[in-house]
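Q: Below is the sequence, then the predicted model.
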Amino acid sequence: MINIAVIVGSTRSGSYNRALGELAATSVEGHGASVTRVDLAAFDLPLYSAALEADAFPPDALKLKALFAAQDGLLFVSPEYNGSLSPLLKNAIDWASRPTGDEGLVALTAYRGKVAAIMSASISPFGGLRGLMHLRQILSTIQMIVIPEQVVVPNAHAAFAEDGSLKEPLPASLVEMTAARLIAVAAALSA
């Protein structure tokens, strides 16, 4: 079975990105993969610094790295902060990228050669697209294969129905299409 982690870069109650992340997780499960929902609030991750890393690698950073390493693919959902991804998500990505044990400096064991999908919801008319451009670049830099499909949900404050579904068929169909492609590429890479 293909294992996919869904990581949401927001811990805010009522977050549109958390709602989108739950839709994505449900879609991934519906396409036959196993899902690990990653709540970044459950990890004690100080702001990354090389000095802190050298002194004492945070235990929760090791847990997060091991969780990512155990997956066949990662699905990232991020709000847009000033035209980029959320600091919470960037910090988590950075900690899990760091070498541990006897790994070389560019081991990237949590990421290298794995597939990623990206999504965003925003109250802006761009739906978080600017942040996804940065996220795509970061994930490519850490040697992930980022599928071309992506999901943006513009005007997120009006995009979700009371039951948590998306009101418009286009973004809803993109969630399904992106989940299916993520699983297909993960399966091809693990074959």
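A: Thanks, I have the structure now. Numbers count the residues shown, from 1 in each chain.

Q: okay, CA-based contacts and neighbour counts for the rest of this
A: Noted.

Q: Could you pull up the residues touching the spatially closest residue to residue 108 that is not a sequence neighbour?
A: Once flanking residues are discounted, residue 108 sits nearest to residue 97: 5.3 Å by C-alpha to C-alpha, 6 or more residues apart in numbering. By C-alpha atoms under 8 Å, 6 or more residues apart in numbering, residue 97 lies in contact with 65, 108, 109, 110, 111, 142.

Q: Closest one of these to residue 86?
A: Closest approach to residue 86 among the contacts of residue 97 (C-alpha to C-alpha): residue 142, at 17.4 Å.

Q: Put the alpha carbons of the host helix or strand of residue 52 into CSV.
A: Element membership for residue 52 (DSSP states H and E) is helix 50-55. Backbone C-alpha positions of helix 50-55 (Å, rounded to 0.1, in the frame of the first residue of the first chain) are rendered in CSV as follows:
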residue,chain,number,x,y,z
ALA,A,50,22.8,25.6,12.9
ALA,A,51,24.0,26.4,16.4
LEU,A,52,21.0,24.7,17.9
GLU,A,53,21.4,21.8,15.6
ALA,A,54,25.1,21.3,16.5
ASP,A,55,24.3,21.6,20.3
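
Q: so what does it touch, helix or strand wise?
A: Under the contact criterion of 3 or more C-alpha pairs under 8 Å, 6 or more residues apart in numbering; DSSP states H and E, helix 50-55 touches no helix or strand at all.

Q: could you give the mean pLDDT of that helix?
A: For helix 50-55, the mean per-residue pLDDT is 89.

Q: Spatially central, which residue of this structure would that be?
A: The centroid of the chain falls nearest to residue 76 when counting by C-alpha atoms, centre = their mean (1.5 Å).

Q: Quick check, that residue in contact with residue 6.
A: Yes: between residue 76 and residue 6 a contact is recorded at 6.0 Å, counting by C-alpha atoms under 8 Å.

Q: now the residue in the chain sticking out farthest from the centre: how far from residue 103?
A: Largest separation from the mean C-alpha position in the chain: residue 55, at 27.9 Å (C-alpha atoms, centre = their mean). Distance from residue 55 to residue 103, counting by C-alpha to C-alpha, to the nearest Å: 17 Å.

Q: Thank you kindly, that will do.
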